[in-house]
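Peer 1: Mind folding the following:
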Amino acid sequence: MPADRVDEAADRLYGLPFDDFVAERAATAKRLRKEGEKEAAAAVAKLPKPTQVAWVANQLGREGADDLIAAGEALREAQLGGGGREALREATAAQRAAIEALLKRAAELRPLSRDLTDRLRALLVAVAGDEEVRAAFEAGRLVEEPSAGGAWPVSGFVAPASTPASREGTKGGGARKPPAKREPAAARRKREEKERRAAERARKEAERKREEAERRKLERRLAAARDAADEAKQRLEMARDAYERATHEVARIEEQLT
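Peer 2: Numbers count the residues shown, from 1 in each chain. Next up is the predicted model:
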């Protein structure tokens, strides 16, 4: 099927060195025409060349970015109320660290200007928080990145794909998923409500555990304070007895001297 040939070609082209894309796209389209795959050849010829930022992101996605994905999921859960403020701070810091690590790797793949680096950072933030962008990122099919203001281009950000493209030899092996379809609004609301309730239960459970831990700590402090008070009382009673004995001795000696 032509669609399979297009996916196969796109998967290979978007994984090539940035400067080889145009020449290889033309060569691939020419080869497909010779093989009688005119529709596939036309589709391949129209595949958009990725921007420098999108190309770098595609390579990062193909290598794998598990830390970023995990941090993004943790941050979304924390934003829904799971774990409280501390969990939110930790998840935010983890996402920031994952992004900075990927930016460092990106500089090794292709030097980017400060503006392009900022755009790559915005793209990685979107990858962490948006399932559709994440799917395109992991598939290595991004062609655009957010503008300086954070908006995506009207023409779209991902190369067309009709079937999952096999990518043997990449990190993790196996097939990569194509960009995910948008979730129906009703299903999304139902899922978000379910997640909200789960997050609220998790938040309450975490709060209950914190209160129990604080109570146990106070109980330990109370027991220690009581022990200290009992010991001080015993010392006070011993001091009183010693005082009385000394007073009696003073009186006895004074009486003998008179």
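
Peer 1: those helices in the stretch 101-250 of the chain, which residues are they?
Peer 2: Counting by DSSP state H, counting those that start in this stretch, residue ranges of the helices within the stretch 101-250 of the chain are 114-129, 131-139, 185-257.

Peer 1: Looking at those helices, which is nearest to Pro48?
Peer 2: Distances from Pro48 to each of the helices of the stretch 101-250 of the chain were compared using C-beta to C-beta; the minimum, 12.9 Å, belongs to helix 131-139. Every residue, glycine included, has its C-beta placed from N, CA and C.

Peer 1: Show me what that closest one is packed against.
Peer 2: Judged by 3 or more C-beta pairs under 8 Å, 6 or more residues apart in numbering; DSSP states H and E, the packing partners of helix 131-139 are helix 52-63, helix 114-129.

Peer 1: can you give me how far that helix is from the chain middle?
Peer 2: Here helix 131-139 is found 14 Å from its chain centre; the criterion is C-alpha atoms, centre = their mean, to the nearest Å.

Peer 1: what's the answer for stretch 53-61, then?
Peer 2: 18 Å.

Peer 1: Pull the residues that contact that stretch.
Peer 2: 14-15, 18, 21, 50, 102, 105-106, 109-110, 112, 116, 119-120, 123-124, 127, 137-145, 157 (C-beta atoms under 8 Å, 6 or more residues apart in numbering).

Peer 1: what's the weakest-modelled helix or strand in this structure?
Peer 2: Least confident element among the helices and strands of the chain, by mean pLDDT, DSSP states H and E: strand 165-166 (a mean of 37).

Peer 1: Would you mind finding the most buried of the helices and strands packed on helix 131-139?
Peer 2: helix 52-63 (a mean of 23; mean count of other C-beta atoms under 10 Å).

Peer 1: shaky segments in the stretch 151-258 of the chain?
Peer 2: By pLDDT under 70, the low-scoring segments of the stretch 151-258 of the chain are 151-196, 199-200.

Peer 1: typed the wrong thing, it's the stretch 1-150 of the chain
Peer 2: Ranges of the stretch 1-150 of the chain meeting pLDDT under 70: 1-3, 81-83, 146-150.

Peer 1: what do you get if the cut-off is 50, keeping everything else the same?
Peer 2: 1 (pLDDT under 50).
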